[in-house]
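Chemist: Attaching a predicted model along with its sequence, questions to come.
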Amino acid sequence: GTAAVLGALGGGGGISGEAELSLEEANLSELKAKKADLQKRFRMVQMTKTHLENAKTAFTANYIGPVSAAFEKYAGKLDTVGTYEIALDADSNVTIQEAGMPRKTQAFSSGLQDLFGICLRMAFIEAMYKEEKPMIVFDDPFANLDEKKISGGLEFLRELSKEYQVIYFTCHKDRVGEKA
């Protein structure tokens, strides 16, 4: 900006103090306009942040209770999952109390993580669809389970199918069950 204008006016050397003052005032005016624009944008970001925080609080107030209750209900239907004391936080993170210590689901086997995930997804479905019962598709959800947990998972699906239309895909005969 200013150096290029100064160079153009006098070859870098002989402009008057008045001309230099005028250039600096123009530069200052430009900077003030940029500052005003940035302040406006900053206020917009602050308002957006406040609205998002309020939306999260409202969402949490409306959904965390029903989602948590539904999660516990579904977890209780699975023998291996229902034996744990489970908590669900406002960010939908599952914490399990084991031996008096809170643990994230990542501390458990892949099979149990899968079961916790199924319970959480079912809890969201129940909280979101209060009036209707959507069709639910499971694509080999028990791939990481041992034989005992597979039978419990299949029983879980049978129970679900009493309330929902369940479509269950698997490519393993041992994951089909007797009355699939």
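Modeler: Noted; the coordinates are in hand.

Chemist: Report pLDDT for the closest residue to Phe142 other than its chain neighbours.
Modeler: In space, and not counting its chain neighbours, Phe142 is closest to Gly153: 4.6 Å by C-beta to C-beta, 6 or more residues apart in numbering. C-beta here means a position set from N, CA and C on the backbone, and glycine is covered the same way. What the model reports for Gly153 is a pLDDT of 87.

Chemist: Quick check: which element contains Gly153?
Modeler: Element membership for Gly153 (DSSP states H and E) is helix 147-160.

Chemist: Packing partners of that helix?
Modeler: helix 17-77, helix 79-82, helix 110-128, strand 166-169 (3 or more C-beta pairs under 8 Å, 6 or more residues apart in numbering; DSSP states H and E).

Chemist: per-stretch mean pLDDT over these, give me the minimum one.
Modeler: The weakest mean pLDDT among the helices and strands packed on helix 147-160 belongs to helix 79-82, with a mean of 61.

Chemist: Need the contact partners of stretch 158-171.
Modeler: 77, 122, 133-142, 157, 176-177, 179-180 (C-beta atoms under 8 Å, 6 or more residues apart in numbering).

Chemist: cool, and stretch 120-128?
Modeler: By C-beta under 8 Å, 6+ apart, the list of residues contacting stretch 120-128 reads 63, 66-68, 70-71, 73-74, 88, 92, 94, 134, 136, 160.

Chemist: What is the neighbour count of the closest residue to Ser109 other than its chain neighbours?
Modeler: Nearest residue to Ser109, sequence neighbours excluded (C-beta to C-beta, 6+ apart): Asn144, at 7.4 Å. By the measure other C-beta atoms under 10 Å, the count of residues near Asn144 is 15.

Chemist: On the three-state scheme, Asn144 is what?
Modeler: At Asn144, secondary structure determined by DSSP: H, G, I helix; E, B strand; the rest coil is coil.

Chemist: ok, now which ones touch it?
Modeler: Applying C-beta under 8 Å, 6+ apart to Asn144 gives the contacts 109-111, 113-114.

Chemist: what's the answer for Glu53, then?
Modeler: By C-beta under 8 Å, 6+ apart, the contact list for Glu53 is empty.
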